[in-house]
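Student: let's see this in three dimensions:
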Amino acid sequence: GHIEYPTYEMICSGTTGHVEAIEIIYNPKIVTYLNLLKVFFNTHDPTQVDGQGNDIGSQYLSVIYFSNDQQKIEAQRYIEELINNNAPIVTKLYSEKPFYKAEEYHKNYFNNNRGQPYCQIIIEPKYKKFIKFLERNKDAAKFFIDHISLYSNVLDINLIDQHTNRWVWRRLSENKSLLW
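Tutor: This next block holds a predicted model:
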């Protein structure tokens with residue numbers, strides 16, 4: 001986006017050029033980038049052109065921000081594989097940009113607002129979809145189960161080595177989360 005430290009309300013206008021995203025800092029010795037890509041593509045709709053579900057607008061697009069050429073190549077290969085299997089993927093790849101964290105009232109949103117209809121109708125099914133994905137992908141499951149906490153209504157991966165790699169992907173849930 002073209003505004004430094006935008007507010008949630010600014011981003012919701014769809015005029016700032018920002019995309020709602022989460023930042024994942026990970027150790028590739030513990031979890032592979034491929035497993036992160038699998039989770040990303042299996043827990044949202046990478047084929048929707050104009051947003052995610054009922055959230056329509058440029059701030060809700062499916063986007064991956066890569067930190068290096070290897071991440072870009074792996075993401076391109078994975079997307080090509082999905083396209084070759086007849087999935088019309090619209091996810092865009094961009095080089096890493098400045099990351100702006102969500103305001104305090106969005107942090108731990110899902111846990112703090114489970115009674116909200118949006119959390120029950122939109123977020124809870126996505127969380128259950130993620131758990132089912134882990135059940136089908138045992139190689140990724142142990143890491144994710146050991147290192148995940150709900151944060152700002154998305155799955156925030158808290159890792160041992162916070163300085164090894166940075167990777168940003170589209171938020172996992174439909175609710176407002178960390179802002180890009």
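
Student: alpha carbons only for contacts and neighbour counts from here, please
Tutor: Noted.

Student: where exactly do the helices run in the protein?
Tutor: 8-12, 33-42, 69-84, 109-112, 117-118, 124-136, 138-147 (DSSP state H).

Student: of all those, which one comes closest to residue 59?
Tutor: helix 8-12 (6.7 Å; Cα to Cα).

Student: and the closest one, what's buried?
Tutor: Across helix 8-12, burial judged by 16 or more other Cα atoms under 10 Å covers 8, 11, 12.

Student: how near is the last one to residue 29?
Tutor: To tie it back to what came earlier, the one meant is residue 12. The gap separating residue 12 from residue 29 is 37 Å, by Cα to Cα, to the nearest Å.

Student: same thing with residue 67?
Tutor: Separation of residue 67 from residue 29 (Cα to Cα) stands at 17 Å.

Student: more neighbours: these two, which one.
Tutor: When residue 67 and residue 29 are compared for neighbours, residue 67 comes out ahead with 16 against 9, by other Cα atoms under 10 Å.

Student: I figured the more buried one hits residue 94, correct?
Tutor: No. Residue 67 lies out of contact with residue 94 (Cα atoms under 8 Å); the separation is 9.0 Å.

Student: in JSON lines: the buried residues of helix 8-12, plus pLDDT.
Tutor: Shown next, in JSON lines, are the buried residues of helix 8-12 (pLDDT from 0 to 100):
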{"residue": "8", "pLDDT": "85"}
{"residue": "11", "pLDDT": "87"}
{"residue": "12", "pLDDT": "85"}
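
Student: share the number of residues neighbouring residue 87, please.
Tutor: Neighbour tally, residue 87, other Cα under 10 Å: 13.

Student: ok, the residue nearest to it when sequence neighbours are not counted - contacts?
Tutor: Nearest residue to residue 87 in three dimensions, chain neighbours excluded: residue 47, at 7.3 Å (Cα to Cα, 6 or more residues apart in numbering). Neighbouring residues of residue 47 by Cα atoms under 8 Å, 6 or more residues apart in numbering: 87, 88, 89, 90, 91.

Student: my read: the last one touches residue 64, true?
Tutor: What it means is residue 91. Yes. Residue 91 is within contact range of residue 64, at 7.2 Å (criterion: Cα under 8 Å).

Student: pLDDT below threshold where in this structure?
Tutor: 138-180 (pLDDT under 70).
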